[in-house]
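Visitor: this one's sequence-less:
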């Protein structure tokens, strides 16, 4: 145990945040936002954090570890889904107001189709984000600290591609045959691309800078 490799402080900070955001994405998605020209479900605000953090971990610790983060980072979602199913199956207290119980069941009782859509979109899009983000850096630059502008540009491109794929997968699986999906696809993907090009690069730079600062303190 004395020769065990210490865990990087950046991972101790970023990984719990990543897991929390993956769980919040599903809950926040119950509210639809209307932000001027952008119409979207509010879960996207948490999901762009998931994408940004996966890119930050790839930058700090390499693509392989980021891939593991994506894979194991889904465990909090599975656990939360299992707990939600258990709570919904258990009898409610008779003292609980009926309106409150109905609201609780409505928010947490998502359909299996939407859950499957979310799982499929998550795995494909976030893995794709890590791949594209790492590919754009190139092997010759592996291990070097990327400049701020280049880091943000890679993050924007990778996120825009991944978010577009995420929207296509989720909306098609969740709503195809229920109602016309083309208007919803257009609105969701437009919002995802706008946020990918504006907010995600800033989040990546902040996360990478924070991670390097934490790891630098351990090395000092």
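Guide: Cool, got the structure. The shown structure was predicted, so the numbers you read here are calculated from the model rather than taken from an experiment. Numbers count the residues shown, from 1 in each chain.

Visitor: residues contacting stretch 192-206, please?
Guide: By C-beta atoms under 8 Å, 6 or more residues apart in numbering, the surrounding residues in contact with stretch 192-206 are 38, 40, 44, 48-49, 51-53, 55-56, 59, 148, 151-153, 155-156, 159-160, 163-164, 166-167. All C-beta atoms are positioned from the backbone trio N, CA, C, and that covers glycine.

Visitor: let me see the mean pLDDT of it.
Guide: Confidence for stretch 192-206, expressed as mean pLDDT, is 94.

Visitor: buried residues, that stretch. List them.
Guide: The neighbour-count check on stretch 192-206 (16 or more other C-beta atoms under 10 Å) flags 192-197, 199-201, 203-205 as buried.

Visitor: could I have the PyMOL command that selects the buried members from the contacts of stretch 192-206?
Guide: Once 16+ other C-beta under 10 Å is used to decide burial, the buried members of those can be selected in PyMOL as follows:
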select buried, resi 40+44+48+49+51+52+53+55+56+59+151+152+155+156+159+160+163+164+166+167
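
Visitor: in helices, which of the contacts of stretch 192-206 fall?
Guide: 44, 48-49, 51-53, 55-56, 59, 148, 151-153, 155-156, 159-160, 163-164, 166-167 (DSSP state H).

Visitor: nearest to residue 21, of the buried residues of stretch 192-206?
Guide: If you rank these by distance to residue 21 using C-beta to C-beta, residue 203 comes first, at 10.8 Å.

Visitor: grab the most central residue of the protein for me.
Guide: Using C-alpha atoms, centre = their mean, the residue of the chain that lies closest to the mean C-alpha position is residue 50, 2.7 Å off.

Visitor: next up, the contacts around that one.
Guide: 18, 21-22, 25, 73, 122, 126.

Visitor: switch the cut-off to 6 Å
Guide: Neighbouring residues of residue 50 by C-beta atoms under 6 Å, 6 or more residues apart in numbering: 21-22.

Visitor: and it, how far from residue 22?
Guide: When distance is defined by C-beta to C-beta, to the nearest Å, residue 50 is 6 Å away from residue 22.

Visitor: ok so, going back, TSV for the buried residues of stretch 192-206, including secondary structure and distance to residue 93?
Guide: Listed next are the buried residues of stretch 192-206 as TSV, based on DSSP: H, G, I helix; E, B strand; the rest coil; distance: C-beta to C-beta, whole Å:
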residue	secondary structure	distance to residue 93
192	helix	41
193	helix	46
194	helix	44
195	helix	41
196	helix	44
197	helix	48
199	coil	41
200	helix	43
201	helix	47
203	helix	41
204	helix	45
205	helix	48
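
Visitor: perfect, I'm done here.
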